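Engineer: The following block contains a protein sequence and its predicted model.
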Amino acid sequence: MNPTVGRVVLGLSACGYPLCRTVQRRGGRGGASIVEVVCVGLALRDGVLVSQGAPGRLRRLPRVLLYAELVVAAVAAVALAPTVVRVQPADARPSDQPVDTVGRNALAALFALHTIRFGIYLRPDQGRRLPGASGRPARRSAR
């Protein structure tokens, strides 16, 4: 990936949570639908990566982050789904219902995890294990 494009995408990912919250608040049902599509899209993409064996090619931290992003994206998609059918005025305050709180927190965590993972992806090794590395710590010989 072109380094400039990578940095722009990384910046957009870092701004993903406030952008999504703005779209949700100001876009009504359409804005909530866009945010839902983003969450479902990230969950599907992560699910495909996991099903294609990407975790086996990654070092420990990127592997854990991939699984965590998959779970958090699914939680965000499920928790935010009711906002698609519930229309609130653009100037309404955020709801204090537990499902809305979970949805907002999951959305924030999703973009935090995605930004960290994308930053790792932009590195030269893209978070992959070195050839021949088992991914396990080396055992010390008993002397």
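Structural biologist: Nice, thanks for sending it over.
Engineer: pLDDT weak spots in the chain?
Structural biologist: The model of the chain has pLDDT under 70 over residues 87-96, 132-143.
Engineer: what about the closest residue to residue 127 other than its chain neighbours, distance to residue 56?
Structural biologist: Closest residue to residue 127 apart from its sequence neighbours, by CB to CB, 6 or more residues apart in numbering: residue 62 at 3.4 Å. Every residue, glycine included, has its C-beta placed from N, CA and C. According to CB to CB, to the nearest Å, residue 62 and residue 56 sit 12 Å apart.
Engineer: who's more crowded, the two?
Structural biologist: The residue with more neighbours, out of residue 62 and residue 56, is residue 62; 21 against 10, by other CB atoms under 10 Å.
Engineer: dump the residue contacts of that one.
Structural biologist: Neighbouring residues of residue 62 by CB atoms under 8 Å, 6 or more residues apart in numbering: 117, 120, 127, 128.
Engineer: In terms of helices and strands, where is it?
Structural biologist: Applying DSSP states H and E as the criterion places residue 62 in helix 60-85.
Engineer: Tell me where this protein has helices.
Structural biologist: Listed in chain order, the helices of the chain (DSSP state H) span 3-14, 16-51, 54-57, 60-85, 98-121.
Engineer: mind listing what's buried in the fourth one?
Structural biologist: Just to be clear, that refers to helix 60-85. Within helix 60-85, the residues that count as buried by 16 or more other CB atoms under 10 Å are 62-63, 65-66, 68-81, 83-84.
Engineer: Next: the second one.
Structural biologist: Residues of helix 16-51 classed as buried by neighbour count (16+ other CB under 10 Å): 16-17, 20-21, 23-25, 31-33, 35-36, 38-40, 42-43, 46, 49-50.
Engineer: I'd like to know which elements it is packed against.
Structural biologist: In terms of contacts (3 or more CB pairs under 8 Å, 6 or more residues apart in numbering; DSSP states H and E), helix 16-51 is packed against helix 60-85, helix 98-121.
Engineer: do the same with the first one
Structural biologist: Applying 3+ CB pairs under 8 Å, 6+ apart, one finds that helix 3-14 contacts helix 98-121.
Engineer: Using PDB, write down the CA coordinates of the helix it packs on.
Structural biologist: The C-alpha coordinates for helix 98-121 follow below in PDB (Å, rounded to 0.1, in the frame of the first residue of the first chain):
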ATOM      1  CA  PRO A  98     -27.700  -0.200  28.800                       C
ATOM      2  CA  VAL A  99     -27.800  -1.500  25.200                       C
ATOM      3  CA  ASP A 100     -27.000   2.000  23.900                       C
ATOM      4  CA  THR A 101     -24.100   2.300  26.400                       C
ATOM      5  CA  VAL A 102     -22.800  -1.100  25.300                       C
ATOM      6  CA  GLY A 103     -23.100  -0.100  21.700                       C
ATOM      7  CA  ARG A 104     -21.200   3.100  22.100                       C
ATOM      8  CA  ASN A 105     -18.500   1.500  24.100                       C
ATOM      9  CA  ALA A 106     -18.200  -1.400  21.600                       C
ATOM     10  CA  LEU A 107     -18.000   1.100  18.800                       C
ATOM     11  CA  ALA A 108     -15.200   3.000  20.500                       C
ATOM     12  CA  ALA A 109     -13.300  -0.300  21.200                       C
ATOM     13  CA  LEU A 110     -13.800  -1.400  17.700                       C
ATOM     14  CA  PHE A 111     -12.100   1.600  16.200                       C
ATOM     15  CA  ALA A 112      -9.400   1.600  18.800                       C
ATOM     16  CA  LEU A 113      -8.600  -2.100  17.900                       C
ATOM     17  CA  HIS A 114      -8.900  -1.500  14.200                       C
ATOM     18  CA  THR A 115      -6.500   1.500  14.400                       C
ATOM     19  CA  ILE A 116      -3.900  -0.500  16.300                       C
ATOM     20  CA  ARG A 117      -4.200  -3.400  13.900                       C
ATOM     21  CA  PHE A 118      -4.000  -1.200  10.800                       C
ATOM     22  CA  GLY A 119      -0.900   0.500  12.300                       C
ATOM     23  CA  ILE A 120       0.700  -2.900  12.700                       C
ATOM     24  CA  TYR A 121      -0.400  -3.800   9.100                       C
END
